[in-house]
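Trainee: Fold the stuff below for me.
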Amino acid sequence: MSSAPVGPGEGVSILGILSQAVEATRKMKAPLVFVTLLYLASYLTGWYLISIKSPIAIETARGVSESVLTEKPFTTILQSLRGGELANAILVTFLLNLIVGAFLSTTLPGVIPLVGALVPVGVTVLRGFAVGVTYPEVLASSTVGFVLGFGTMVLELGAYVFSSAAGIHVALAPIMPRRCGAQSRRAAFKMALKDAARVYVIVVILLALGAVWEMTLLFLALLHAA
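Mentor: Residues are numbered from 1 along each chain as shown. So this is what the prediction gives:
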C-alpha cells in the first residue's frame, strides 16, 4: 500500500509559517539586540565574579547546583535519565523550558503595557548571571562537558532571547504603536501579539533541539559513568 504524496500546499504552509516567523523577528530587531547584549553582559559579569571567587557568585552557584540536585522537576528529570527513560526526560525538559522558562517568565508579562517589559529584562539579567557563575566549570570540566554546556547555552539561551524580545515587543506596542505600523494602541497591541505568536515557532524549535541535545548527552554521560 503506497503512502499518499505530500501535496505542494503542505510544503508551502510550512515555509509560510517560517517566513512569518522571520518577518516577525525583523520587527523585533531592537529588543532582540538589547536582550542579547543583556545576556552577554550578565554572563560575563557572573563569569568574572566566579573567577575571582566573589562570595555572591559562589553562593549563587551553590544555590543553583543544590536546586538542580534536590528540587523538582529537576530531580524528576534526573530520575528519568538514570532509569533509562530518555524520551521522558527530553519531554519534561522541553515543556519546563517552554512553559516556565520562556512563556510565563519572559513573554506573558508583556501583556502589561510598558511595566511588563521590565520582567523579561530582570529575568534575562538574573538568568545570564546564574549561567555565568555555573557554566564555566561545566565548560572546563571535559570535552563532553564543553560540548554539552556550549550547545545547551546556544540553543536554550537563544530561545530565551526570542521569547524575551517578544515580551518586550508586546509591552511596548501600546506605548509606541507606530513601531508596529499601527495608528491605534489597540491595533498595535494585537499586531504585537501576532508577532509574538509567530516568533514562538523559533522558540519551540530551539527549545526542542536544546532538550534533545542536553538530555541525550547527559544520558550518554551517565551510561559511561555507570
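
Trainee: for this protein, what's the longest helix?
Mentor: Ordering each helix of the chain by length in residues (DSSP state H) puts helix 185-225 first.

Trainee: Just the buried positions in stretch 214-226, please.
Mentor: Judged by neighbour count (16 or more other CB atoms under 10 Å), stretch 214-226 contains these buried residues: Glu214, Met215, Leu217, Leu218, Phe219. The C-beta positions use only the backbone N, C-alpha and C, and glycine is treated the same way.

Trainee: I meant to write stretch 59-70 there.
Mentor: Using 16+ other CB under 10 Å as the burial criterion, the residues of stretch 59-70 that qualify are Thr60, Ala61.

Trainee: so Cys172 makes contact with Arg178?
Mentor: Actually, residue 172 is Leu rather than Cys. No - at 11.0 Å, Leu172 does not count as touching Arg178 under the criterion of CB atoms under 8 Å.

Trainee: Neighbour count for these two, which is higher?
Mentor: It is Leu172, of Leu172 and Arg178, that has more neighbours when counted by other CB atoms under 10 Å, with 22 against 9.

Trainee: Contacts only, for the closest residue to the more buried one other than its chain neighbours.
Mentor: Among residues not flanking Leu172 along the chain, Ala117 sits closest, at 6.0 Å (CB to CB, 6 or more residues apart in numbering). Contacts for Ala117 (CB atoms under 8 Å, 6 or more residues apart in numbering) come out as Gly110, Gly167, Ile168, Ala171, Leu172.

Trainee: Next, the contact list for the first one, please.
Mentor: Put plainly, it is Gly110. Gly116, Ala117, Val119, Pro120, Ala166, Gly167, Ile168, His169, Val170, Ala171, Ala192, Ala196.

Trainee: Got the confidence number for it?
Mentor: pLDDT, Gly110: 96.

Trainee: on that earlier part again, of the contacts of Gly110, closest to Gly16?
Mentor: Proximity of these to Gly16 (CB to CB) peaks at Ala196, which lies at 17.7 Å.

Trainee: My read is that the closest one contacts Val170, right?
Mentor: Yes - the criterion here is CB under 8 Å, and Ala196 meets it with Val170 at 5.4 Å.

Trainee: just to revisit the earlier point, mind listing which of the contacts of Gly110 are in helices?
Mentor: Val119, Pro120, Ala166, Gly167, Ile168, His169, Val170, Ala171, Ala192, Ala196.

Trainee: Now the two most distant members of these.
Mentor: The largest separation in the ones in helices among the contacts of Gly110, counting by CB to CB, is between Val119 and Ala192 at 15.6 Å.

Trainee: re the thing from before, could you tell me how far the residue nearest to Leu172 is located from Leu223?
Mentor: Taking CB to CB, to the nearest Å as the measure, Ala117 falls 44 Å from Leu223.

Trainee: re the thing from before, quick one, which of Val119 and Ala192 is more surrounded?
Mentor: Ala192 (28 against 20).

Trainee: any idea how far that one is from Arg26?
Mentor: Relative to Arg26, Ala192 is positioned 14 Å away (CB to CB).

Trainee: Likewise for Gly116?
Mentor: Going from Gly116 to Arg26 by CB to CB gives 22 Å.

Trainee: In CSV, list the C-alpha atoms belonging to stretch 125-144.
Mentor: Output in CSV follows, covering the C-alpha atoms of stretch 125-144 (Å, rounded to 0.1, in the frame of the first residue of the first chain):
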residue,chain,number,x,y,z
VAL,A,125,19.9,39.6,33.8
LEU,A,126,19.4,37.0,36.6
ARG,A,127,19.4,34.1,34.2
GLY,A,128,22.6,35.3,32.4
PHE,A,129,24.3,35.8,35.7
ALA,A,130,23.3,32.4,37.0
VAL,A,131,24.6,30.8,33.8
GLY,A,132,27.8,32.8,34.1
VAL,A,133,28.6,31.5,37.6
THR,A,134,27.8,27.9,36.9
TYR,A,135,28.7,27.1,33.3
PRO,A,136,32.4,28.0,33.2
GLU,A,137,33.1,25.0,35.5
VAL,A,138,31.0,22.7,33.2
LEU,A,139,32.7,24.0,30.1
ALA,A,140,36.2,23.5,31.6
SER,A,141,35.4,20.0,33.0
SER,A,142,36.0,18.0,29.9
THR,A,143,35.4,17.8,26.1
VAL,A,144,32.0,16.3,26.7
